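Colleague: quick one, what's the 3D model for this:
(one chain, ligands or ions: 1)
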Amino acid sequence: MTGILAVQGAFLEHGKCLEKLGADYRYIRKRDDFSENIDRLIFPGGESTTQRKLIKELGLFDILKEKISAGMPVLGTCAGLILLAEKISNDNPFLSTLPVTVCRNAYGRQLGSFSATGNIGNISDYPMRFIRAPYIEKILSDSVEILNITDEKITAVRYKNQLGISFHPELTDDLRIHQLFLSL
Ligand code: GLN
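Modeller: The predicted model follows:
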């Protein structure tokens, strides 16, 4: 059962992807939504500043940090990657579970949104949709596997059970990143 963080952002789209794959999920908006059988997490894209505020206000920070630190698989997309990063070069870090440094809104204004195609680890020709995306500036552990580099910037990594992705797999019809996540 995947828990999709549903305080703000593109959580419905992630839900639709999991439905297409026949995978169970529920939306997480409060501590009580964390039933025993939640065994993986998705953090959607959106606005990380708002998401941080709501996660704190709703009392979700400690349980999320605890579960991910204990090895619960997590997929963080765009703002979700920002929440996971150990360091943020132009902001304070939040959960700090993923040993990378990210830069927020890293592509500048005129390049705020764009599409590209690339390989994500073993997944070939994946359609990548970037929307005011962060990129990964620095890897902070030898155990971080780089899954994609686009225009000399790292956009997808895996560290143990954490997948951090700059772009939006939930906004394409290609379900292979969700399949990879479900295999963790
Ligand atoms: N720019 C957003 C942020 O900093 C992330 C954008 C997105 O998730 N599409 O939170």
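Colleague: list the residues that contact Leu18.
Modeller: Thr2, Ile4, Asp24, Tyr25, His178, Leu182 (Cβ atoms under 8 Å, 6 or more residues apart in numbering). From N, CA and C alone the C-beta is placed, and that goes for glycine too.
Colleague: TSV for the residues you listed, including distance to Ile82, neighbour count and secondary structure?
Modeller: What follows is the contacts of Leu18, written out as TSV (distance: Cβ to Cβ, whole Å; neighbours: other Cβ atoms under 10 Å; DSSP: H, G, I helix; E, B strand; the rest coil):
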residue	distance to Ile82	neighbour count	secondary structure
Thr2	20	23	strand
Ile4	17	26	strand
Asp24	27	10	coil
Tyr25	22	20	strand
His178	20	20	helix
Leu182	23	16	helix
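Colleague: what's the closest non-adjacent residue to Glu145?
Modeller: What sits nearest to Glu145 in space, not counting adjacent residues and going by Cβ to Cβ, 6 or more residues apart in numbering, is Arg158, at 4.6 Å.
Colleague: host element of that neighbour?
Modeller: strand 153-159 (DSSP states H and E).
Colleague: and the most centrally placed residue in the chain, what's its pLDDT?
Modeller: In the chain, the centroid-proximal residue (Cα atoms, centre = their mean) is Gly76; its distance is 1.0 Å. pLDDT for Gly76: 98.
Colleague: kindly state the beta-bridge partners for it.
Modeller: Phe43, Gly164 (DSSP bridges).
Colleague: now do the contacts for it.
Modeller: Neighbouring residues of Gly76 by Cβ under 8 Å, 6+ apart: Ile42, Phe43, Ile82, Leu83, Leu84, Leu98, Gln162, Leu163, Gly164, Ile165.
Colleague: got those residues as TSV, with distance to the ligand columns?
Modeller: Formatted as TSV, the contacts of Gly76 follow (distance: Cβ to the nearest ligand atom, whole Å):
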residue	distance to the ligand
Ile42	13
Phe43	10
Ile82	5
Leu83	9
Leu84	12
Leu98	15
Gln162	17
Leu163	15
Gly164	12
Ile165	10
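Colleague: not counting sequence-adjacent ones, nearest residue to Phe34?
Modeller: Using Cβ to Cβ, 6+ apart, the nearest residue to Phe34 is Ile63, at 5.8 Å.
Colleague: contact partners of the helix or strand that contains the one you found?
Modeller: Element membership for Ile63, per DSSP H and E: helix 61-69. Outside helix 61-69, the residues that touch it by Cβ under 8 Å, 6+ apart are Leu5, Arg31, Phe34, Leu41, Ile55, Val74, Leu84, Leu95, Thr97, Gln162.
Colleague: and the average pLDDT for that helix is what?
Modeller: pLDDT averaged over helix 61-69 gives 98.
Colleague: what of stretch 7-22?
Modeller: Average pLDDT, stretch 7-22: 98.
Colleague: buried sites along it?
Modeller: Val7, Gln8, Gly9, Ala10, Phe11, Glu13, His14, Gly15, Cys17, Leu18 (16 or more other Cβ atoms under 10 Å).
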